[in-house]
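Visitor: the sequence and its predicted three-dimensional model are supplied below.
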Amino acid sequence: MRNPLSQKIANVPPSGIRKYFDIAATMEDVVSLGVGEPDFDTPMVVRQAGIKSLEDGKTTYTSNAGLQELRDEIAAYTKRSIGIEYDSANEVVITVGGSEAIDAALRCMLDPGDEVLLPEPAFVSYDALTVMADGVPVAIPLQNKNQFKLTVEELEAAYTDKTKVLILSFPNNPTGAVMTKEDLAPIADFVMKNDIYVISDEIYAELNYDGEHASIASFPGMRERTVIINGFSKAWAMTGWRLGWVCGPELIVGQILKLHQYAIMCAPSMAQYAGIVALRDCDEQVAEMRESYNERRKYLLGEFERLGLPCFEPFGAFYLFPSIEHFGLTSDEFATRLIQEASLAVVPGTAFGACGESFLRISYAYSMEELKEAVKRLESFIGKLH
């Protein structure tokens, strides 16, 4: 028989995160700090809006780009949160989560051989989706000494005449790093000077614990060069609703809409009606969740310091990225032994790029009770390594 598979797709490795979920699924009494998913319920007012849409029979297709009312709310939210105005009719598209938005943006912006700069450690999808879009991923290894922020010197070293797109993801998964306006200014200058485009994944924008979120799109000349990806999963605790969005210049967003028309049709109507209420009425609930995450962040940082586990202080998302270099184990070895010997699941840093070696990603999107139990198990495990 002829091979039925596309070699391009077959050669893409599966997510490095899945291994530890699969191991955990076979064990009892496992504490997992591996999933980047809020432990909060979706706010009640949002759930009620979704339920009401069903009760009212609003279960048909929406327009391909999404409900105009929701796009209006997204445009208003973007203006008040990062100060950028978008035409909700032509520069905003509703997607099935942020993941579809990333995939669509890459497929609409890349020709075969175009290079995409990926500051790593980074979300696992970027590299694979670049390959699937016939692009060439070029990793930029970020450094612990810089708190895993991208520097213009690192950007210059990776740039070639084939570079077309830079993916920025701050606040960052897996490190929790943020980039301020001062950090982004030289990056924006370099991007404009060298005629590069930016896909800015801002899914964790609301989870910033040390000031306001800064978007590279807000710099002069960058709005025309930036596609903003965002969504409801993290800040509004709506992972299963699968609702995201794209904002950007009409030239690019129009093509993303075309791809979305053919591949998806439209995002789920129930989720869209819920999303309107989330943006309009849930600022207080988002703030309460953010404060709770901040308390957990501070707790784990203090415990890591007590345990002698070096970790820079991240100010975004809900992850810590401690170093385990002094234990003499690889990230994969440490994570594998930790789940096997202490029934504690975390993700090795290498799941997010080679430069994640000697680090672990630990999510604190869990209750304080679970975090305290995890610390007990981690402390016991570390004690056996000395």
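Guide: All right, it came through fine.

Visitor: contacts for the strand or helix carrying residue 338 next, please.
Guide: Assigned by DSSP states H and E, residue 338 falls within helix 331-342. Residues from elsewhere that reach helix 331-342 (C-beta atoms under 8 Å, 6 or more residues apart in numbering): 20, 23-24, 27, 30, 324, 327, 329, 344-350, 356-360, 377-378, 380-381, 384. All C-beta atoms are positioned from the backbone trio N, CA, C, and that covers glycine.

Visitor: please pick the buried ones from those residues.
Guide: 20, 24, 30, 324, 329, 344-350, 356-360, 377-378, 381 (16 or more other C-beta atoms under 10 Å).

Visitor: strand partners of the strand or helix carrying residue 229, parallel vs antiparallel please.
Guide: Residue 229 belongs to strand 226-231 when assigned by DSSP H and E. Note on strand 226-231: by DSSP bridges, its sheet partners are strand 197-201 (parallel), strand 244-247 (antiparallel).

Visitor: I'd like these laid out as CSV, including mean pLDDT and mean neighbour count.
Guide: Below are those laid out as CSV (pLDDT from 0 to 100; neighbours: other C-beta atoms under 10 Å):
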stretch, mean pLDDT, mean neighbour count
strand 197-201, 98, 24
strand 244-247, 98, 28
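
Visitor: and the helix or strand hosting residue 286, which residues are buried?
Guide: In the assignment (DSSP H and E), residue 286 maps to helix 283-307. Within helix 283-307, the residues that count as buried by 16+ other C-beta under 10 Å are 285-286, 289, 292-294, 296-297, 300-301, 303-304.

Visitor: how far away from the center of its chain is that helix?
Guide: 18 Å (C-alpha atoms, centre = their mean, to the nearest Å).

Visitor: what does that helix contact?
Guide: Applying C-beta under 8 Å, 6+ apart, the contact partners of helix 283-307 are 38, 40, 43, 176, 206-207, 209, 235-237, 310-311, 313-314, 318, 320, 322, 362, 364-366, 368, 371, 375, 378-379, 382.

Visitor: partners of the next helix or strand after it in the sheet?
Guide: Sequence-wise, the next helix or strand downstream of helix 283-307 (DSSP H and E) is strand 319-320. For strand 319-320, the paired strands and their directions (DSSP bridges) are strand 360-363 (antiparallel).

Visitor: any idea of the mean pLDDT in the partner strand?
Guide: Mean pLDDT, strand 360-363: 97.

Visitor: leaving out the residues flanking it, which one is nearest to residue 124?
Guide: Once flanking residues are discounted, residue 124 sits nearest to residue 15: 5.0 Å by C-beta to C-beta, 6 or more residues apart in numbering.

Visitor: for the one you found, the count of nearby residues, please.
Guide: Residues lying near residue 15 (other C-beta atoms under 10 Å) number 13.

Visitor: picking that back up, so of the contacts of helix 331-342, which ones are in strands?
Guide: 344-345, 347-348, 360 (DSSP state E).

Visitor: identify the farthest-apart pair in those.
Guide: The most widely separated members of the ones in strands among the contacts of helix 331-342, counting by C-beta to C-beta, are 344 and 348 (13.1 Å).

Visitor: ok, back up a step: in the helix holding residue 338, what's buried?
Guide: Those would be 331-332, 334-336, 338-339, 342, for helix 331-342 by 16+ other C-beta under 10 Å.

Visitor: I figured residue 119 hits residue 143, correct?
Guide: No - checked against C-beta atoms under 8 Å, the pair residue 119 and residue 143 is beyond contact range at 10.6 Å.

Visitor: neighbour count for the two, which is higher?
Guide: residue 119 (28 against 12).

Visitor: check contacts around that one.
Guide: 140, 142, 150, 154, 166-169.

Visitor: make it 7 Å
Guide: Contact analysis of residue 119 by C-beta atoms under 7 Å, 6 or more residues apart in numbering lists 140, 142, 150.

Visitor: circling back to that earlier point, hmm, which of the contacts of helix 283-307 are the buried ones?
Guide: Using 16+ other C-beta under 10 Å as the burial test, these include 38, 40, 43, 176, 206-207, 209, 235-237, 311, 314, 318, 320, 322, 362, 364-366, 371, 375, 378, 382 as buried.

Visitor: local confidence estimate at residue 20?
Guide: 71.

Visitor: quick one, what contacts it?
Guide: By C-beta under 7 Å, 6+ apart, the contact list for residue 20 reads 34, 335, 339, 345, 347.

Visitor: repeat for residue 144
Guide: Residue 144 touches 312, 323, counting by C-beta under 7 Å, 6+ apart.

Visitor: that one and residue 310, how far apart?
Guide: The gap separating residue 144 from residue 310 is 8 Å, by C-beta to C-beta, to the nearest Å.

Visitor: and if you look at residue 226?
Guide: For residue 226, the distance to residue 310 - C-beta to C-beta - is 34 Å.

Visitor: any idea how far apart the tips of stretch 245-255 sit?
Guide: 14 Å (C-alpha to C-alpha, to the nearest Å).

Visitor: if you count neighbours, what's buried in that stretch?
Guide: 245-249, 252-253.
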